[in-house]
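In: Everything below, folded, please.
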Amino acid sequence: MAMVEQDKYQHARENAKAWFESIQEMVEANNKANEECGNADGALQEIHNSVLSVEVRGGWRVLGGDDGQAEEYNILLSTGGPALRIFGQLNSWGEPESAELQMQDWGVPWTRYAAAEAMLLEFARCFYFGE
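Out: Got it, this is the predicted structure:
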C-alpha cells in the first residue's frame, strides 16, 4: 500500500491562516478604539505584544560612506516549524510601503501566503521602524 505524501505546507498554511485572522481582529480592535477614543493604547499594546521581534535592514553601501537607512522590515510572528513573518519594503520616511505574509516549515523555504496586503500594512504601520 503506497503512503499518501503529506502536504509539506499544511502546518505552515494553518499557522498563517490563524495568525492572519488574529491580525485582522487586532487591527479592527485598534481602529475601533481610535474611532471611539477608547483604550487605543491598550489595543496598540496588544499588537506590540503579539510579535516576537521587529527588525530592519538596509541595502548595499560604499565602504566608508553613509550608513544609510533601513529599506526592509521583518516582523517575526512565530518561529520553529512552522514559522511566520510579515516582510516588506520601507519608504524613505521609514514607513511600510509593502507587506507580505511569509511562512516557513522544516525543510520548506520562506514562501508567500496569500493574505490581504492592506490589512498587513495596517498591522505593520503600528510599529516604528526608525532609530
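
In: Stretch 96-111: end-to-end distance?
Out: 20 Å (Cα to Cα, to the nearest Å).

In: Could you shift the numbering so residue one becomes 209, and keep it that way?
Out: All set: I'll call the first residue 209, so the last point we hit is now stretch 304-319.

In: Mind listing what's buried along it?
Out: When neighbours are counted by 16 or more other Cβ atoms under 10 Å, the buried residues of stretch 304-319 are found to be Pro304, Ala307, Glu308, Leu309, Gln310, Met311, Gln312, Asp313. Where you see a C-beta, it was placed from the backbone N, CA and C, and this is true even at glycine.

In: Does the second one touch Leu329 like I think?
Out: Yes. With contact defined as Cβ atoms under 8 Å, Ala307 counts as touching Leu329 (4.6 Å).

In: how far does the least confident helix or strand in the chain by mean pLDDT sit from the chain's center?
Out: Lowest on mean pLDDT, DSSP states H and E among the helices and strands of the chain sits helix 248-258, with a mean of 87. The chain centroid and the centroid of helix 248-258 are separated by 15 Å under Cα atoms, centre = their mean, to the nearest Å.

In: Could you measure from the residue nearest to Gln312 when sequence neighbours are not counted over to Asn238?
Out: Computed as Cβ to Cβ, 6 or more residues apart in numbering, the closest residue to Gln312 that is not its neighbour in sequence is Ala291, at 4.4 Å. For Ala291, the distance to Asn238 equals 25 Å [Cβ to Cβ, to the nearest Å].

In: Ala224 now?
Out: Distance check for Ala224 against Asn238: by Cβ to Cβ, it reads 21 Å.

In: The two: who's more crowded?
Out: A count of neighbours by other Cβ atoms under 10 Å puts Ala224 above the other of Ala224 and Asn238, at 25 against 21.

In: In three-state terms, label the more buried one for me.
Out: Classification of Ala224 using DSSP: H, G, I helix; E, B strand; the rest coil returns helix.
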